[in-house]
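Engineer: Okay, here's the prediction I keep looking at, along with the sequence it came from:
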Amino acid sequence: MQSQEKDFSLVNNLSFSRDEIEAFRRQGFIKLKGFLSERAIQSLKQAARSKVISARESKSAYGDSFSRLTYDLGTTDAVKNIYSSIAFRTALVTLIGHPLIMTESQSFELTPHKEGFAWHYDSLSFRYIRPQDAAFSVWIPLDPIDNSGQGGGMAYLAEDIYSAKANFQMASLLSKRMVAGVAVEDFSAHLRAVFQTPSLLTDLFEAYKTQDDFALGDVLLFTKSMWHRSEPLLPGPLATRLAVTMRFLDWRSRLDKTMFEGESESGGGVGMGVNWGRPTQTAYGSQFIDINDGEEIRTSTYCGPVI
């Protein structure tokens, strides 16, 4: 991956070798080095700081995991200007192979007293589309990540080692039962024993995890079915670690109302046998009231922009 002529406003042009594209599609993640400019990082940091509020004040299910957070960054100019950049679209479409729908953007702030997310995949963020529909996240740390120092980044598991695709399928099967009024607790108890943290499975995740350092401007692109977790921020020079996440769908994605109901009821935990409770912090996916189950998201008046 080589940096070419720069867009000095926000996003730098990147080129990718065939091996890099194939590795991303096989592993489910890629670090984009120097993708965003200093100006872009400062713009995102300013927007995030103006939006984040206490996790407990927001009544988020993650009040014990993060100090502050927001689910309302997607409407800010800082985020819009980045995802609408030609250089941004070109990089993502080159790697992924098709256009994308921009959905939402969040920001999470860690302090040395918060652990962040345990091992998970992006079940809640993409609960309104079918299991087979592809979706992606762009994770942008707004503070440098040094794994040998304070940490505060992420650990992730390559999809060619172990993928959460089957968990999305399981969530779909169990959601159908839940919507039909059939109890799933007996089944969920077995799933929970396998996927809870800590467990024998998450011990394996730790043994095969990948972690990267991130300079300002580096970002991580990854699939909805990549297992990942937060890396705690240790005491040190950084008082906090702020990061922004942008979410994108395959532009051919279709509405799955049954999956939305099941995953919403459990806070995104159906496929792991976990029930975190119906979330109050975000309702993205509930706005598609003008299309029927199985119809393409992009046909809805409430669909986000296609990039």
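Structural biologist: Received the coordinates, thanks.
Engineer: quick one: stretch 214-233 to chain centroid distance?
Structural biologist: 8 Å (C-alpha atoms, centre = their mean, to the nearest Å).
Engineer: tell me the mean pLDDT for it?
Structural biologist: In this model, stretch 214-233 has an average pLDDT of 96.
Engineer: Check which residues of it are buried.
Structural biologist: Buried residues in stretch 214-233, counted by 16 or more other C-beta atoms under 10 Å: 214, 216-233. Quick note: C-beta positions are derived from backbone N, CA and C, even for glycine.
Engineer: again with stretch 141-160
Structural biologist: Within stretch 141-160, the residues that qualify as buried are 141-146, 150-159, counting by 16+ other C-beta under 10 Å.
Engineer: S253: how many residues sit nearby?
Structural biologist: The tally of other residues near S253 (other C-beta atoms under 10 Å) stands at 23.
Engineer: Got phi/psi on it?
Structural biologist: Main-chain torsions, S253, degrees, to the nearest 10: phi -60, psi 150.
Engineer: cool, and V93?
Structural biologist: phi -70, psi -30.
Engineer: Any buried residues in stretch 29-36, and which?
Structural biologist: Under 16+ other C-beta under 10 Å, the buried positions of stretch 29-36 are 29-33, 35-36.
Engineer: Make a markdown table out of these and add secondary structure and pLDDT.
Structural biologist: Shown next, in a markdown table, are the buried residues of stretch 29-36 (DSSP: H, G, I helix; E, B strand; the rest coil; pLDDT from 0 to 100):
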| residue | secondary structure | pLDDT |
| --- | --- | --- |
| F29 | strand | 98 |
| I30 | strand | 98 |
| K31 | strand | 98 |
| L32 | strand | 98 |
| K33 | coil | 97 |
| F35 | coil | 97 |
| L36 | strand | 97 |
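Engineer: between the residues you listed, which is nearest Y128?
Structural biologist: F29 (22.8 Å; C-beta to C-beta).
Engineer: Quickly find the element holding M246.
Structural biologist: Using DSSP states H and E, M246 sits within strand 241-250.
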